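1. with the sequence up front, the predicted model follows.
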Amino acid sequence: VAMETVSLEHQIQSVQRHIAFLKKEQMELLHDLHLEILRLQKHCSGEPWVAVACGSGVSREDLGPESSCWHSRAGPTQELALAFGRMQRRQETLVAALRSSLRTKERRFLEELKRRSHRVTILDTELQKQTAAAAYLS
């Protein structure tokens, strides 16, 4: 009884450690992405038309002959934003799966605890009856 309870508690703790690890990893990723965004913004700031294009939604056609340069400068920022979005969705999916697994294990643990508690109550009642019978016979 105690061995299985300890095993379930270890599994719950393991899932909680995985969630903490994913949160830490996500924070590190966010930090690195912010640094990369700042680096790209600094890189773009030397050319005003690029900064305007990056921040205002100006299309390549609006910029004319410099549109290919705009694309090459804004592309990494857009790719970075898309990659970040994909990474964030993937981590959210993993966290959701881990939480779901944790809830399932917790539910099973509680059900097993109920069953065992009920069994202990039955055995305790039976023991009291046998003790009373033994006392009566002696």
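-> Arrived safely, thanks for sending.
2. just the element for the residue positioned nearest the centre of the chain, please.
-> Nearest to the geometric centre of the chain sits V95, at 2.4 Å (C-alpha atoms, centre = their mean). Assigned by DSSP states H and E, V95 belongs to helix 67-137.
3. buried ones in stretch 129-138?
-> Across stretch 129-138, burial judged by 16 or more other C-beta atoms under 10 Å covers no residue at all. All C-beta spots, glycine's among them, are computed from the backbone N, C-alpha and C.
4. can you show me the CA trace of it as CSV?
-> Extracted in CSV, the C-alpha atoms of stretch 129-138 (Å, rounded to 0.1, in the frame of the first residue of the first chain):
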residue,chain,number,x,y,z
LYS,A,129,-15.7,-8.5,15.3
GLN,A,130,-13.1,-11.3,15.6
THR,A,131,-11.5,-9.5,18.7
ALA,A,132,-14.9,-9.3,20.3
ALA,A,133,-15.6,-13.0,19.5
ALA,A,134,-12.2,-14.0,20.9
ALA,A,135,-12.8,-12.0,24.1
TYR,A,136,-16.3,-13.6,24.5
LEU,A,137,-14.8,-17.1,24.0
SER,A,138,-12.0,-16.6,26.5
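5. how distant is it from the center of its chain?
-> 58 Å (C-alpha atoms, centre = their mean, to the nearest Å).
6. repeat for stretch 10-19
-> Remark: stretch 10-19 is offset 12 Å from the chain centroid, using C-alpha atoms, centre = their mean.
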